[in-house]
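[1] with the sequence up front, the predicted model follows.
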Amino acid sequence: MSKIYFQGTFGAYSHLAALLVDSKAEIIPCKTFDDCFNNAALEPESRIIIPESNRITGNIGIEYLIFKYRLNIYMEHFQKIEHNLLGQPGAKLSDIKEVYSHAQGLSQCSKFIKDNNIVEHIRADTAGSAEMISETKDKKQAAIASSLSAKIYGLDIIKKNIENESGNLTRFLVMGKNIAQPEFKSKKYITSFLFKLKSKPAALYQSLGGFAINGVNLTKLQSYPEQNTFDTFFFLCDLDGHIEDPKVQKSLEELGLHCEDFHVLGVFEADKLREKKNNLFLMNRKYYCYN
């Protein structure tokens with residue numbers, strides 16, 4: 001049986017995403033994101049599922065681990081996030097005085113919390129909050145977490161879908177040590193890579209010219225300072241297309257002439273949600289670039 005590691009506790013949205021990606025896998029929780037990446041690096045046959053960004057709150061902040069471990073990306077998975085107010089069996093909304101959750105969960109449900117005069121408490125994760133209040137047995141306490149957490153920890157869903165905005169999505173990446181990529185066919189693909197430019201004036205401007213000339217669309221371009229410096233940067237990039245497509249190859253060859261470091265992170269099929277014209281997830285990510 002294959003393994004999928006995720007960060008958090010059983011019932012977390014990462015756990016839910018892992019079940020949807022491969023329900024037959026052995027799904028194993030890890031305390032930290034670093035533990036997930038380290039386990040995958042040591043166990044080439046295992047995989048990890050990691051939240052990369054959220055439609056509403058933006059970047060999750062795992063890029064430094066992508067740079068450090070350089071695992072292969074096998075697929076992307078867009079997970080619908082539906083926050084629920086969970087409480088003790090029989091508890092009502094009027095009973096709730098305090099709520100516990102991850103900082104992002106609280107932020108994404110801030111209007112509901114304010115409207116109901118509930119005191120919020122930040123915890124390490126959503127599912128861990130559900131587990132904690134299941135042990136306290138206090139009807140005044142609630143958690144913001146998934147419906148899966150309610151099922152696992154024997155809690156009632158007092159109120160469903162309490163997030164500020166409907167249509168909330170988190171983009172997850174499935175990654176591992178072994179290199180694999182799909183055969184180039186007539187499908188929509190994403191090629192993900194990182195690079196570090198040579199130190200010279202207008203380096204970024206010059207390096208991106210090949211994409212425009214060859215008609216290749218960059219869907220993400222993020223910069224991150226190299227460790228312990230403020231003047232050299234790595235860039236994390238996604239583009240529309242398969243690396244075996246001639247126009248993508250030419251673009252990357254042109255980019256390589258300007259790079260001190262270049263590494264392909266993965267080639268994978270684009271999630272079908274990308275094809276929906278009204279997919280606000282892609283439109284709202286401020287670091288996306290469009291031709």
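    Arrived safely.
[2] from here on, just use CA atoms for contacts and neighbour counts.
    Noted.
[3] distance of the closest residue to Asn84 other than its chain neighbours from Gln108?
    Leaving aside its chain neighbours, Asn84 sits nearest to Lys160 (4.6 Å; criterion: CA to CA, 6 or more residues apart in numbering). As judged by CA to CA, to the nearest Å, Lys160 and Gln108 stand 14 Å apart.
[4] low pLDDT regions in this structure?
    Where the chain drops to pLDDT under 70, the residues are 228-231, 276-291.
[5] regarding it, what is its longest strand?
    Longest strand in the chain, counting residues (DSSP state E): strand 259-269.
[6] send the alpha carbons of stretch 217-227 over as PDB?
    What follows is stretch 217-227, C-alpha atoms only, in PDB (Å, rounded to 0.1, in the frame of the first residue of the first chain):
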ATOM      1  CA  ASN A 217       1.700  31.800 -20.900                       C
ATOM      2  CA  LEU A 218       3.200  32.100 -17.500                       C
ATOM      3  CA  THR A 219       0.500  31.500 -14.900                       C
ATOM      4  CA  LYS A 220       2.700  32.100 -11.800                       C
ATOM      5  CA  LEU A 221       5.900  33.900 -11.100                       C
ATOM      6  CA  GLN A 222       7.000  34.400  -7.500                       C
ATOM      7  CA  SER A 223      10.300  35.600  -6.100                       C
ATOM      8  CA  TYR A 224      11.900  34.600  -2.800                       C
ATOM      9  CA  PRO A 225      15.200  35.700  -1.300                       C
ATOM     10  CA  GLU A 226      17.900  33.200  -1.100                       C
ATOM     11  CA  GLN A 227      18.600  32.000   2.400                       C
END
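[7] any buried residues in it, and which?
    The neighbour-count check on stretch 217-227 (16 or more other CA atoms under 10 Å) flags Asn217, Leu218, Thr219, Lys220, Gln222, Ser223 as buried.
[8] ok now the helix or strand where the last one lies, how far from the chain's centre?
    Element membership of Ser223, judged by DSSP states H and E, is strand 218-225. For strand 218-225, the distance between its averaged C-alpha position and the chain's averaged C-alpha position is 15 Å (CA atoms, centre = their mean, to the nearest Å).
[9] what's the following helix or strand after it?
    Downstream of strand 218-225, the first helix or strand assigned by DSSP H and E is strand 233-240.
[10] that next one versus strand 218-225: what angle between them?
    Per axes from the mean of the first three to the mean of the last three CA atoms, to 10 degrees, the angle that strand 233-240 makes with strand 218-225 is 170 degrees.
[11] partners of strand 233-240, with directions?
    strand 189-197 (antiparallel), strand 218-225 (antiparallel) (DSSP bridges).
[12] TSV for these, including distance to Thr170?
    Shown next, in TSV, are the strands paired with strand 233-240 (distance: least, CA to CA, whole Å):
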stretch	distance to Thr170
strand 189-197	17
strand 218-225	15
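[13] out of the ones you listed, nearest to Cys36?
    strand 189-197 (19.9 Å; CA to CA).
[14] quick one: strands adjacent to the longest strand of the chain?
    Strand 259-269 has these strand partners (DSSP bridges): strand 189-197 (antiparallel).
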